[in-house]
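J.: Below is the structure, and that's it, no one-letter string:
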């Protein structure tokens, strides 16, 4: 089953979990990139297209504050230089906002850097790493940024559809906790309904987290 193969690729889960257990609960360390799994033989063309954001977990995500976040989409459009034009579509109460950026390929396939970083005051570095994907169902993405000399990270669960199965949800929670995050730092955006956060909250690409 494709879903099983996806999670089988998270071979460093034990290492991350050990690191998280040794950390101070109130001070969640940002894992170094070399300890975060990377999708083997990443296929740029297969990854492009529309993804729904099914789950979010991070140091600056708080369940009490962000639990009413509405599900949004991220679309990756591949360019000739293997960079992506990335379009975020975030639904608010009375409209949708579109936000476009560029992810530039790094020295490792499946890892990207934020383009035109000088446009984002305070951000010193921003790395996007595809942890695992089967391309046609789900993907797990790790975001790491340095903002005003502080390191922050977030992991995002993508789906080609809005469906979030129990198995997928539990696997995402397990991976987030292996990174040192607690239940208070894990949320699952609402696919329907009228509740929504104020503008500027909810994703490392759209907030100064």
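T.: Yes, it's here. Quick caveat: nothing in here was measured; it's all calculated off a predicted structure. Numbers count the residues shown, from 1 in each chain.
J.: Quickly find the element holding the spatially most central residue of the chain.
T.: In the chain, the centroid-proximal residue (CA atoms, centre = their mean) is residue 156; its distance is 2.7 Å. With elements delineated by DSSP states H and E, residue 156 resides in strand 150-159, which encompasses its position.
J.: so what does that strand touch, helix or strand wise?
T.: In terms of contacts (3 or more CB pairs under 8 Å, 6 or more residues apart in numbering; DSSP states H and E), strand 150-159 is packed against strand 49-58, strand 138-147, helix 166-178. (Each C-beta comes from the backbone N, C-alpha and C, glycine too.)
J.: Let's have these in a markdown table, adding mean pLDDT.
T.: Rendered in a markdown table, the data for the helices and strands packed on strand 150-159 read as follows (pLDDT from 0 to 100):
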| stretch | mean pLDDT |
| --- | --- |
| strand 49-58 | 96 |
| strand 138-147 | 94 |
| helix 166-178 | 94 |
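J.: okay if I get those as TSV plus mean neighbour count?
T.: TSV is the format used below for the helices and strands packed on strand 150-159 (neighbours: other CB atoms under 10 Å):
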stretch	mean neighbour count
strand 49-58	21
strand 138-147	22
helix 166-178	17
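J.: export the ones you listed to CSV and tack on distance to residue 28?
T.: Listed next are those as CSV, based on distance: least, CB to CB, whole Å:
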stretch, distance to residue 28
strand 49-58, 9
strand 138-147, 13
helix 166-178, 11
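J.: Run through this protein and note the low-pLDDT ranges.
T.: Residues of the chain that meet the criterion pLDDT under 70 lie in 1-27, 92-96, 192-209.
J.: can you pull out the strands in the chain?
T.: Taking DSSP state E as the test, the strands found in the chain are 49-58, 73-78, 84-91, 96-105, 111-114, 123-133, 138-147, 150-159, 186-187.
J.: coming back round to it: list the buried ones in the strand holding residue 156?
T.: By neighbour count with 16 or more other CB atoms under 10 Å, strand 150-159 contains the buried residues 152, 153, 154, 155, 156, 157, 158, 159.
J.: coming back round to it: now for the residue nearest to the centre of the chain: which residues touch it?
T.: Contacts of residue 156 were listed using CB atoms under 8 Å, 6 or more residues apart in numbering, and they are 53, 55, 56, 57, 140, 141, 143, 203.
J.: Mind doing that once more with 10 Å?
T.: By CB atoms under 10 Å, 6 or more residues apart in numbering, the contact set of residue 156 is 51, 53-58, 74, 128, 131, 139-143, 172, 203-205.
J.: Now residue 116: phi and psi?
T.: Its backbone dihedrals place residue 116 at phi 50, psi 50, with angles given as degrees, to the nearest 10.
J.: Report the distance from stretch 169-182 to the chain centre.
T.: In terms of CA atoms, centre = their mean, to the nearest Å, the centre of stretch 169-182 is found 13 Å from the chain centre.
J.: Make 26 the first number, not 1, from now on.
T.: In the new count, where the first residue is 26, that last one comes out as stretch 194-207.
J.: re earlier: show me what the closest residue to the residue nearest to the centre of the chain other than its chain neighbours is bridged to.
T.: The shortest distance from residue 181 to any non-neighbouring residue, by CB to CB, 6 or more residues apart in numbering, is to residue 166 (4.7 Å). Beta-bridge pairing of residue 166, defined through DSSP bridges, involves residue 155, residue 181.
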